[in-house]
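J.: Got a predicted structure here, sequence first:
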Amino acid sequence: MQILLVPYSPLWKDFFVAQQQQLLLLGNNLVAQIEHIGSTSIEGLAAKPIVDMLVGLTNFERDATQFVNLMQQHNYTYNNTFEHLMPFRRFFTQQTEEMKFNIHTVQIGDEFWQRHLLFRDYLRQNPQKTADYLHLKQTLAAQNWESTGDYADAKTPFIRQTEADAKIYFNLK
């Protein structure tokens with residue numbers, strides 16, 4: 001399978017904001033913060049047409065099960081396939097008429113939360129690194145893959161190096 005990348009769309013931000021508002025209402029006091037992550041959150045970057053969202057729960061340990069139940073009651077698809085590898089995350093999808101959403105739910109401020117925001121923020125401030133990432137994504141997308149997971153795995157070395165560069169750039173340890 002080849003990976004479909006589409007040119008950046010400013011509508012992705014609007015889709016994120018609309019979904020964010022729904023999730024904030026749904027999660028009321030469970031949700032501390034919601035962030036737009038992934039390639040659709042970086043202006044000018046081609047991406048798979050899926051908006052990735054990061055939902056930070058106020059208290060993941062206490063509230064994750066309740067949040068899963070709320071999401072399922074409101075027609076979000078809960079996917080626990082990788083939960084044994086990432087017990088700190090609950091993953092949901094939703095397909096609307098306009099857009100598909102991947103929703104990663106974690107403890108606000110945990111390592112997963114920080115890594116994703118660090119990567120996003122660094123690319124937003126470094127056009128050359130964004131261009132390098134775009135080139136890598138386009139090169140990889142043109143290849144045949146058994147799954148989208150294999151495509152994602154092929155990007156991991158670049159992502160990890162970028163996270164390390166971002167820590168230096170933002171003076172983090």
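T.: On my side now, so go ahead.

J.: burial of N171, as a residue count?
T.: 6 (other C-beta atoms under 10 Å). Heads up, the C-betas are built off the backbone N, CA and C, glycines and all.

J.: residue nearest the centroid of this structure?
T.: D52 (3.6 Å; C-alpha atoms, centre = their mean).

J.: Tell me who's in contact with it.
T.: By C-beta atoms under 8 Å, 6 or more residues apart in numbering, the contact list for D52 reads 36-41, 101-104.

J.: how near is the residue lying closest to it once chain neighbours are set aside to H104?
T.: Once flanking residues are discounted, D52 sits nearest to G38: 3.2 Å by C-beta to C-beta, 6 or more residues apart in numbering. Distance of G38 to H104, given as C-beta to C-beta, to the nearest Å: 9 Å.

J.: anything in contact with each of these two?
T.: Taking C-beta under 8 Å, 6+ apart as the contact rule, G38 and H104 both touch 52, 116.

J.: that older thread, of all pairs in the contacts of D52, which one is the farthest apart?
T.: S39 and I103 (15.8 Å; C-beta to C-beta).

J.: now the helices: where do they sit in the chain?
T.: 11-27, 60-73, 111-125, 127-141, 148-169 (DSSP state H).

J.: related to what we said a few turns ago, quick one: residues contacting the residue nearest to D52.
T.: So G38 contacts 47, 50-52, 102, 116, 120 (C-beta under 8 Å, 6+ apart).

J.: Serialize those to CSV and add fields for pLDDT and distance to I3.
T.: Output for the contacts of G38, formatted as CSV (pLDDT from 0 to 100; distance: C-beta to C-beta, whole Å):
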residue, pLDDT, distance to I3
A47, 97, 10
I50, 97, 11
V51, 98, 16
D52, 98, 15
N102, 98, 15
H116, 98, 20
R120, 98, 20
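
J.: what pLDDT does N28 get?
T.: We note a pLDDT of 84 for N28 in this prediction.

J.: Please apply the same query to Q125.
T.: 97.

J.: same check, this time on T148
T.: Looking at T148, the pLDDT reads 91.

J.: next one: phi and psi at the closest residue to K137 other than its chain neighbours?
T.: Once flanking residues are discounted, K137 sits nearest to L5: 6.2 Å by C-beta to C-beta, 6+ apart. Main-chain dihedrals, L5, degrees, to the nearest 10: phi -110, psi 140.
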